[in-house]
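A.B. asks: Got a predicted structure plus its sequence, pasted below:
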Amino acid sequence: MTVLKVAILGFGTVGEGVYRIIQSHADELQKVIGKKVEVAACLVKNKQKARDIHENVLVTDDFEEILGLPQLDIVVEAIVGKEPTFTYLTKAIQRRCHIVTANKEMFAHHGNELLELAKEYHVSVGFEATVAGGIPVIQTLRQLLQVNRISKIQGILNGTSNFILTEMREKKQSFAESLLLAQRNGYAEADPTNDVEGFDAFYKTMILSRIAFGEEPDWLTVEREGITGITSELINAAEKLELRFKHVASVWKEGNRIIGSVKPVLVGKEHPFYHVEGVENAVNVHSDIVGRITLQGPGAGMFPTASAMIEDLVYVSVNQKDKRCFSQYQSQAKEQPDEFWLIHGIKGTVNSQITVIEEPVEGFFVIKAAKKELEHLALQHKAVRYFSILEFEKSLVGQFEINENSSIQTFIHI
Ligand SMILES: NC(=O)c1ccc[n+]([C@@H]2O[C@H](COP(=O)([O-])OP(=O)(O)OC[C@H]3O[C@@H](n4cnc5c(N)ncnc54)[C@H](OP(=O)(O)O)[C@@H]3O)[C@@H](O)[C@H]2O)c1
């Protein structure tokens, strides 16, 4: 019987998960691939650490030893950081191995180069685990939405941030207390910057953009804000209005430009993200034929992430070609419509454009205005903070009434 030889780079949370699934689901893998899947080697940093790995498997800290194996078909990578990972995967492709990676930081920076190189060497690249853990969003975009024109993708892509926001709201805790709990539960790193400042979600958004639109926004133009500025006061005010803070990454097409943002926004009860709580992730894909679909599930953890990598292992081992073709359609470049906002930090009449008459919750106002008006306001009043409320129209029915007495519409919670 023919055998498929796999090397696993990194034997931490994710790498060990992949190793264990290859053992526990050997029959299923053999059935779908038509070959027995065998782990030939594992690359680690510290060879002295005790690990539950079969004695026939080469455990090494030297990648050259892995490249020198007599047979090597697939390299599965679950290391942290851009290097030496990118170098290892480049060498693996040049050895004509398929690759599967979970490393979003490396893939956001070097994904294009790896995909190009893989094309040249006639091998495949799996990167499902780089975005939203166990949710099959990449495969959905790559294989299942091939004719639909995607106009926008929005997602809760960072489980740590979502966990912290949920804890702050449900348990009335501060940001610091909720972060500490996330760290104790193993959801946040000792240095949580990547998660709570939005870098992790930013990398994932760039990967999604490439798969949905064939290109990325200019990184420097993407608005990126984490959740460190979200206070208990903001969360409580939003809750009184039956709104919830979510850290949402968005990428969409305007004309032939790709635009992205990663920031805290508010959602009402009718929005599919309202009930996405704790470490869960969710992704909304807006496209022209099917409309909006929402995928939701575990965004991280040993088995959800390893599950995505195992499905990729099957995908690359049958050497599937990407089917999605990027039609160069232009979406309509519209005048920026008015949006709904929760604003905080102004009192009374602030300018001729915005007169706030009612305060639904003391110091907080729900208004409808164009983004540029809010930006202008923020330039004049340093204390002003404003948060977009997604798809607010649906929440208006039966929950808010319009105050017509203002030069700008304000909304009062009924
Ligand atoms: N954890 C998740 O839920 C999750 C979800 C989605 C994506 N990811 C991504 O998956 C990757 C792995 O995450 P993880 O949570 O499994 O990390 P982890 O638990 O910290 O494990 C990292 C592994 O990589 C090994 N390693 C580190 N540097 C190395 C080097 N220079 N050469 C060889 N081996 C090296 C470590 O070896 P030692 O064991 O010897 O220290 C360890 O086994 C990351 O890129 C992460 O962003 C993780």
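C.D. replies: That came in fine, so what should we check first?
A.B. asks: Return the residues of the chain in contact with the ligand.
C.D. replies: When proximity is defined as CB under 6 Å from any ligand atom, the chain approaches the ligand at 10-15, 43-46, 49, 78-80, 84, 102-104, 129, 133, 300-301, 305. For every residue, glycine as well, the C-beta is placed using N, CA and C.
A.B. asks: Please indicate which of the residues you listed are buried?
C.D. replies: 10-11, 13-15, 43-44, 78-79, 102-104, 129, 133, 300-301, 305 (16 or more other CB atoms under 10 Å).
A.B. asks: Looking at these, which are in strands?
C.D. replies: Counting by DSSP state E, these place Leu43 in strands.
A.B. asks: Going by proximity to the ligand, name the top residue of the stretch 301-414 of the chain.
C.D. replies: Going by CB to the nearest ligand atom, the ligand is nearest to Thr305 of the stretch 301-414 of the chain, at 3.9 Å.
A.B. asks: wait, what's in contact with that residue?
C.D. replies: Contacts of Thr305 were listed using CB atoms under 8 Å, 6 or more residues apart in numbering, and they are Thr13, Val14, Gly17, Ala78, Ala102, Ala129, Gly133, Gly134.
A.B. asks: now these in CSV, with distance to Leu266 and pLDDT?
C.D. replies: Formatted as CSV, these follow (distance: CB to CB, whole Å; pLDDT from 0 to 100):
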residue, distance to Leu266, pLDDT
Thr13, 32, 93
Val14, 33, 95
Gly17, 35, 97
Ala78, 35, 97
Ala102, 31, 96
Ala129, 30, 96
Gly133, 25, 88
Gly134, 27, 89
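A.B. asks: Of those residues, which belong to helices?
C.D. replies: Per DSSP state H, helices hold the following members of the contacts of Thr305: Thr13, Val14, Gly17.
A.B. asks: Quick check: Val196 touching Leu179?
C.D. replies: Yes: at 6.9 Å, Val196 counts as touching Leu179 under the criterion of CB atoms under 8 Å.
A.B. asks: Now the common contact residues for those two.
C.D. replies: By CB under 8 Å, 6+ apart, the residues touching both Val196 and Leu179 are Ile164, Ala188.
A.B. asks: how about the strands in the stretch 251-400 of the chain?
C.D. replies: 257-268, 280-287, 291-298, 339-344, 364-369, 385-390, 400-403 (DSSP state E, counting those that start in this stretch).
A.B. asks: In terms of mean pLDDT, which of those ranks lowest?
C.D. replies: Mean pLDDT values for those show the minimum at strand 400-403, a mean of 63.
A.B. asks: sec struct for the nearest residue in space to Ile211 that is not next to it in sequence, please.
C.D. replies: Closest residue to Ile211 apart from its sequence neighbours, by CB to CB, 6 or more residues apart in numbering: Leu141 at 4.8 Å. For Leu141, the assignment made with DSSP: H, G, I helix; E, B strand; the rest coil gives helix.
A.B. asks: from the stretch 251-400 of the chain, which residue is nearest to the ligand?
C.D. replies: Counting by CB to the nearest ligand atom, the stretch 251-400 of the chain gets nearest the ligand through Ala300, at 3.3 Å.
A.B. asks: hmm, I was thinking of the chain
C.D. replies: Closest approach between the chain and the ligand, counting by CB to the nearest ligand atom: Gly12, at 1.8 Å.
A.B. asks: Give me the spatial nearest neighbour of that residue, chain neighbours excluded.
C.D. replies: Ala78 (6.6 Å).
A.B. asks: Let me know the distance separating the most centrally placed residue in the chain from Glu55.
C.D. replies: The centroid of the chain falls nearest to Leu157 when counting by CA atoms, centre = their mean (2.9 Å). Distance of Leu157 to Glu55, computed by CB to CB, to the nearest Å: 39 Å.
A.B. asks: so what pLDDT did Arg184 get?
C.D. replies: At Arg184, pLDDT is 93.
A.B. asks: Which single one of the contacts of Thr305 is nearest to Thr231?
C.D. replies: Gly133 (28.4 Å; CB to CB).
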